[in-house]
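# What follows is a predicted protein model with its sequence.
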Amino acid sequence: MAATPEQPAPAAPRRKAGRHRGEGQWALGHYTPLNGNEQFKKDDDSLNVRTRIETIYSKRGFDSIDPNDLRGRMRWWGLYTQRKPGIDGGKTAVLEPEELDDRYFMLRVRIDGGRLTVAQLRAIGEVSRDYARGTADVTDRQNIQLHWIRIEDVPAIWEKLEAVGLSTTEACGDCPRVIIGSPVAGIAADEIIDGTPAVDEIHDRYIGSKEFSNLPRKFKTAISGSPVQDVVHEINDIAFVGVVHPEHGPGFDLWVGGGLSTNPRLAERLGAWVPLHEVSDVWAGVVGIFRDYGYRRLRTRARLKFLMADWGPAKFRQVLEDEYLKRPLLDGPAPEQPSSRWRDHVGVHEQQDGRRYVGFAPRVGRVDGPTLTKIADLAAAHGSDRLRTTVEQKMLILDVEPGQVDSLVAGLEELGFQVKPSPFRRGTMACTGIEYCKLAIVETKARGASLIDELESRLPEFDEPLTININGCPNACARIQTADIGLKGQLMLDDEGNQVEGYQVHLGGALGLEAGFGRKVRGLKVTSAELPDYVERVLGNFQKEREDDERFATWAARASAESLS
């Protein structure tokens, strides 16, 4: 019926809102980029930016960098712009990226398996000294991060690192990040299986390859054959956990779909046993599923954990076997419970060959270039050419003769490190925080260091395993949800109505034994100034109310809100 002035034409039927273009899954034919990140990755493979860094940006300077390279592709080579000094946390989510960007970079050195030689650690220390104002942080993924990097210096830094076998390739970006591995792989007396060959094969075959250089988002891998379960396998996209099959012997149990941030999820077992020589193929199959079926429409859902949540482990395993491996996987046993409540290898331990490895604790992962060089020299002076980083922001020196241990420990103590640290120094981690990170809202590193000092002074007799993880924003880089005491940075009002830095408190998170996320008590927040008083009070309540050898996480799950406040 034609429209008249008195009777307008009927409106066209409204199209039902929905995901008519899907979730951007390539395997379902949805190749059209649905956001800016997907567009710049389609326009040019991010690995190609290295040539522009070397030939254009390092010669013409910061202002010559294309924005899609600056805030996108350069991450594939370990480079993030760092936070401009003087911008408070209240402006983090308000300012545009170019307003937050400093003209300097954070550079992440990729250290697969946490493995370093003396020459490599010395090279990182020298890069820190010469190009990074002496900065260096050991991360909770076994990398080392440097700050204050100028784009003009990046080619020289790469040359120095690569001369000793290190790189920054795919240290960041929507690609396979560093492969974390047991820091005592191949040497621990109680090891189930050495995962080192698998770490090496994955690295050599796939890192820097364009086969997996455009994933929906980052992809995190963990491989360990240690009964300590020392690679936080529960919160990685993929993890291979050492187990013994009753018929086939030592191998790995396959876990998929873990991750934290604002939507935390523990990985799930696929029930599959993987022999060492098949790990790289199975890994590639899982990454292939993520590349092809992962959700690319929204960045907030572009992690493997969301696909795993929708599919479940049975379907995920079926797709892996049918479409990617073209064969079934063997069923296998679940891992045993971790053999230790501490998973960081701090202390003096015997190796398979009768020598010792010595684990020591930097304070919240913060070191510096000159100190890294001194650690390298100390290791060499005691007959070692192998060092390791851990996922707890700690370091190890391997291959120490028994008669050299006391001298090495004394040398470490002179540098400010402890082989027998308090639970507070041993168990406190912190992310980068507002000092350098553009996403952060509050300070973390200095806050964590001062908290350690306060608690050591106030509670000198406290000797229970305890983790205190401090994060500068909700993204959980420091794993706040899985800590005994997790502190998520936010701005809040103090008693006088002033806006100050503070933390939302998570209590009783855990990995390993009874893995789960921490409890949030309604309205429980604490200012930075009140933090030592709060932690002292809660730990005092724990000591008064615990039953027998009850763990803090178990107590926190049953404690009253009053005891936790």
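Okay, I see it. A quick note: this is a predicted structure, and the numbers were derived from the prediction, not measured. Residues are numbered from 1 along each chain as shown.
# Extract the C-alpha trace of stretch 300-307 and format it as PDB.
In PDB, the C-alpha atoms belonging to stretch 300-307 read as follows (Å, rounded to 0.1, in the frame of the first residue of the first chain):
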ATOM      1  CA  THR A 300      37.500  -8.900  25.400                       C
ATOM      2  CA  ARG A 301      36.500 -12.300  24.200                       C
ATOM      3  CA  ALA A 302      39.500 -13.000  22.000                       C
ATOM      4  CA  ARG A 303      41.300 -15.500  24.300                       C
ATOM      5  CA  LEU A 304      41.200 -19.300  24.100                       C
ATOM      6  CA  LYS A 305      39.500 -19.600  27.500                       C
ATOM      7  CA  PHE A 306      36.200 -18.200  26.000                       C
ATOM      8  CA  LEU A 307      36.200 -20.800  23.200                       C
END
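# which residues touch it?
For stretch 300-307, the external contacting residues (CB atoms under 8 Å, 6 or more residues apart in numbering) are 23, 174, 216-219, 237-238, 256-259, 261-263, 265, 267, 286, 289-290, 293-296, 316. Using the backbone N, CA and C atoms, a C-beta is placed for each residue, glycine as well.
# Buried subset of those, written for ChimeraX?
Selection of buried members from the contacts of stretch 300-307 for ChimeraX, criterion 16 or more other CB atoms under 10 Å:
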select :23,174,216,217,218,219,237,238,256,257,258,259,261,265,267,286,289,290,293,294,295,296,316
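# So which of the contacts of stretch 300-307 sit within strands?
Residues of the contacts of stretch 300-307 located in strands (DSSP state E): 219, 238, 256.
# In contact with the second one, which residues are there?
Pointing back at Ile238 there. Contacts for Ile238 (CB under 8 Å, 6+ apart) come out as 219-222, 254-256, 267, 283, 286-287, 304.
# okay, those residues in JSON lines with pLDDT and distance to Gly61 next?
Listed next are the contacts of Ile238 as JSON lines, based on pLDDT from 0 to 100; distance: CB to CB, whole Å:
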{"residue": "Phe219", "pLDDT": "98", "distance to Gly61": "33"}
{"residue": "Lys220", "pLDDT": "98", "distance to Gly61": "34"}
{"residue": "Thr221", "pLDDT": "98", "distance to Gly61": "36"}
{"residue": "Ala222", "pLDDT": "98", "distance to Gly61": "39"}
{"residue": "Leu254", "pLDDT": "98", "distance to Gly61": "47"}
{"residue": "Trp255", "pLDDT": "98", "distance to Gly61": "45"}
{"residue": "Val256", "pLDDT": "98", "distance to Gly61": "44"}
{"residue": "Ala267", "pLDDT": "97", "distance to Gly61": "43"}
{"residue": "Trp283", "pLDDT": "98", "distance to Gly61": "40"}
{"residue": "Val286", "pLDDT": "98", "distance to Gly61": "41"}
{"residue": "Val287", "pLDDT": "98", "distance to Gly61": "36"}
{"residue": "Leu304", "pLDDT": "98", "distance to Gly61": "38"}
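# which one among the residues you listed gets closest to Arg205?
Trp283 (9.3 Å; CB to CB).
# give me the number of residues near the closest one?
Trp283 has 25 neighbours, counted by other CB atoms under 10 Å.
# do the same with Gly403
Gly403 has 9 neighbouring residues, counting by other CB under 10 Å.
# where's stretch 241-250 relative to the chain centroid, distance-wise?
27 Å (CA atoms, centre = their mean, to the nearest Å).
# host element of the residue nearest the centre of the chain?
Nearest to the geometric centre of the chain sits Arg141, at 4.3 Å (CA atoms, centre = their mean). For Arg141, there is no host helix or strand (DSSP states H and E).
# Could you pull up the residues touching it?
Contacts for Arg141 were tallied using CB under 8 Å, 6+ apart; they are 177-178, 180, 220, 391.
# now do Glu454
Counting by CB under 8 Å, 6+ apart, Glu454 touches 532, 536.
# For it, which three-state class applies?
With DSSP: H, G, I helix; E, B strand; the rest coil as the basis, Glu454 sits in helix.
# how much space between it and Pro532?
Counting by CB to CB, to the nearest Å, the gap from Glu454 to Pro532 is 4 Å.
# Could you tell me which of the contacts of stretch 300-307 belong to helices?
Counted as lying in helices by DSSP state H, out of the contacts of stretch 300-307, are 286, 289-290, 293, 316.
# residue boundaries of the helices in the stretch 51-200 of the chain?
Ranges of helices in the stretch 51-200 of the chain, per DSSP state H, counting those that start in this stretch, are 58-60, 67-70, 97-100, 118-131, 154-162, 196-206.
# Quick one: closest of these to Gly472.
Of all the helices of the stretch 51-200 of the chain, it is helix 97-100 that lies closest to Gly472, at 13.7 Å by CB to CB.
# what's next to the closest one, contact-wise?
67, 71, 81, 83-84, 87, 91-92, 438.
# got the buried residues for that helix?
Buried residues in helix 97-100, counted by 16+ other CB under 10 Å: Leu100.
# So what's the gap between it and the chain middle?
The chain centre lies 25 Å from the centre of helix 97-100; the measure is CA atoms, centre = their mean.
# do stretch 184-194 as well
23 Å.
# pLDDT on that stretch, on average?
What stretch 184-194 shows for mean pLDDT is 97.
# and for that stretch, what are the contacting residues?
113, 182, 195-196, 199, 224-228, 230, 242-244, 250-252, 276, 339, 345, 349-353, 357, 388, 396, 398-399.
# Let me know the closest of the ones in helices among the contacts of stretch 300-307 to Glu501.
Glu501 lies nearest to Phe290 out of the ones in helices among the contacts of stretch 300-307, by CB to CB, at 36.3 Å.
# Pull the contacting residues for the closest one.
By CB under 8 Å, 6+ apart, the contact list for Phe290 reads 215-216, 219, 237, 304, 307.
# Asp463: neighbouring residues, count only.
The local packing of Asp463 (other CB under 10 Å) involves 9 other residues.
# Leu266 too?
Look at Leu266: counted by other CB under 10 Å, it has 19 neighbours.
# Nearest residue to it in space, please, no chain neighbours.
Closest residue to Leu266 apart from its sequence neighbours, by CB to CB, 6 or more residues apart in numbering: Glu234 at 5.0 Å.
# isn't that neighbour right next to Pro264, touching?
No: if you go by CB atoms under 8 Å, Glu234 and Pro264 don't touch, sitting 10.3 Å apart.
# So, low pLDDT: which residues of this protein?
Scanning the chain for pLDDT under 70 picks out 1-21.
# how about a cut-off of 80?
Scanning the chain for pLDDT under 80 picks out 1-21, 513.
# Please name the nearest non-neighbouring residue to Arg265.
Leaving aside its sequence neighbours, Arg265 sits nearest to Lys305 (CB to CB, 6+ apart; 4.3 Å).
# Tell me the helix or strand right after the one helix or strand that neighbour maps to.
Assigned by DSSP H and E, Lys305 belongs to helix 304-319. Per DSSP H and E, the first helix or strand lying C-terminal to helix 304-319 is strand 330-331.
# Give the partner strands of that following strand in its sheet and their orientations.
Applying DSSP bridges to the sheet, strand 330-331 is found paired with strand 268-274 (antiparallel).
# and the direction of the strand it pairs with versus that of helix 196-206, what angle?
Orientation of strand 268-274 against helix 196-206 (axes from the mean of the first three to the mean of the last three CA atoms, to 10 degrees) gives an angle of 100 degrees.
# what separates the residue nearest to Arg265 from Gly288, distance-wise?
Taking CB to CB as the criterion, Lys305 is separated from Gly288 by 17 Å.
# measure stretch 243-254 end to end?
With CA to CA, to the nearest Å as the measure, stretch 243-254 spans 10 Å from end to end.
# Which residues belonging to it are considered buried?
Using 16+ other CB under 10 Å as the burial criterion, the residues of stretch 243-254 that qualify are 243, 245, 251-254.
# Please apply the same query to stretch 395-414.
Residues of stretch 395-414 classed as buried by neighbour count (16+ other CB under 10 Å): 395-400, 404-405, 408-409, 411-412.
# what sits up against stretch 404-411?
Stretch 404-411 is contacted by residues 348, 356, 358, 378-379, 381-383, 397, 400, 419 when judged by CB under 8 Å, 6+ apart.
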